[in-house]
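[1] Generate coordinates for the sequence data below:
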Amino acid sequence: MYKNKCPDGRNNICGIKIKELRQALPEKTSQRQIAELLQKEGIDVDKNAVQRIESGQRFITDIELQVLSKIFHVTCDELLDNKI
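    Alright, predicted model coming up:
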């Protein structure tokens, strides 16, 4: 049987890295601010969606991943490079 979850039960492998990158930004950046940046790029998400991505409760699309990599100035591979 196929499983669409990480071994730890999370629905994505990049949420942890996204949270780390957000918290490492020079100025304190909220989940709401990340949602606004995503919205400017045409991704329809709100603060709650960002929270759910970071906590692993929400699946993330390849389009969202691409825009997040642009926002954080990293590659998609870097976002996916979480040791699970």
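[2] now what about the helix or strand containing residue 77, what contacts it?
    Per DSSP states H and E: residue 77 is located in helix 76-80. Applying Cβ atoms under 8 Å, 6 or more residues apart in numbering, the contact partners of helix 76-80 are 13, 14, 17, 18, 62, 65, 66, 68, 69, 72. Every C-beta, even on glycine, is put in place using the N, C-alpha and C of the backbone.
[3] so where's the chain shaky on pLDDT?
    When residues are selected by pLDDT under 70, those of the chain lie in 1-3, 82-84.
[4] Let me see the ranges of the helices in it.
    Counting by DSSP state H, the chain has these helices, from start to end: 15-24, 31-40, 47-55, 62-72, 76-80.
[5] Could I get the buried residue list for the shortest one?
    For helix 76-80, a neighbour-count test (16 or more other Cβ atoms under 10 Å) marks residue 79 as buried.
[6] what's the answer for the third one, then?
    Neighbour counts using 16+ other Cβ under 10 Å place 49, 50, 51, 52, 53, 54 of helix 47-55 among the buried residues.
[7] Of all pairs in these, which one is the farthest apart?
    Spanning the widest gap among the buried residues of helix 47-55 are 49 and 54, at 9.8 Å by Cβ to Cβ.
[8] overlap in contacts of the two?
    In contact with both residue 49 and residue 54: no residue, using Cβ under 8 Å, 6+ apart.
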